[in-house]
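Colleague: After the sequence you'll find the predicted model.
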Amino acid sequence: QVQLVESGGGLVQAGGSLRLSCAASGRTFSRNAMGWFRQAPGKEREFVAAIRWSGSTTYADSVKGRFTISRDNAKNTVYLQMNSLNAEDTAIYYCAAAKTIVLLTRVTEYDFWGQGTQVTVAS
């Protein structure tokens, strides 16, 4: 079993930045894909970014150029640096881990999930 714990969420003004962290413990998958998703009130959970062990990344179009995903395999931690935040970025952000090495963008393709961290952007 893998446990994922997110941190770093909070309230920020539009145009500001936040960095989310996701610490993995238990049976860790340092060679496997990790991802960030978000869910706004009344909406479905959506893909934000994913990263492979090798460092390859992919992003949702809505965050390209503003968000950066990275990982520290030695610390079993994944990060999401979020810049130029706007009100549409307000959501609960979830970290996820997959048993595969392939970059994944669908909720159903991930095997383990954190509890989420709230990000609120004030306009």
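Modeller: It's in. Every value quoted in this text rests on a predicted model; they were computed, and no experiment measured them.
Colleague: Can you tell me the closest non-neighbouring residue to residue 98?
Modeller: residue 33 (4.4 Å; Cβ to Cβ, 6 or more residues apart in numbering). Bear in mind the C-beta positions are built from the backbone N, C-alpha and C, glycine included.
Colleague: bridging residues for the most centrally placed residue in the chain?
Modeller: Residue closest to the average C-alpha location in the chain (Cα atoms, centre = their mean): residue 36, at 2.2 Å. On DSSP bridges, the residues paired with residue 36 through beta bridges are residue 49, residue 95.
Colleague: ok, it touching residue 45?
Modeller: No. With contact taken as Cβ atoms under 8 Å, residue 36 and residue 45 are classed as non-touching, separated by 10.8 Å.
Colleague: longest strand anywhere in this structure?
Modeller: Criterion DSSP state E: the longest strand present in the chain is strand 18-26.
Colleague: Parallel or antiparallel, which strands does it pair with?
Modeller: Here strand 18-26 is paired, per DSSP bridges, with strand 2-7 (antiparallel), strand 77-82 (antiparallel).
Colleague: Give me the contact list for the last one.
Modeller: Read that as strand 77-82. 17-24, 34, 36, 48-49, 51, 63, 66-72, 89, 93, 95, 119 (Cβ atoms under 8 Å, 6 or more residues apart in numbering).
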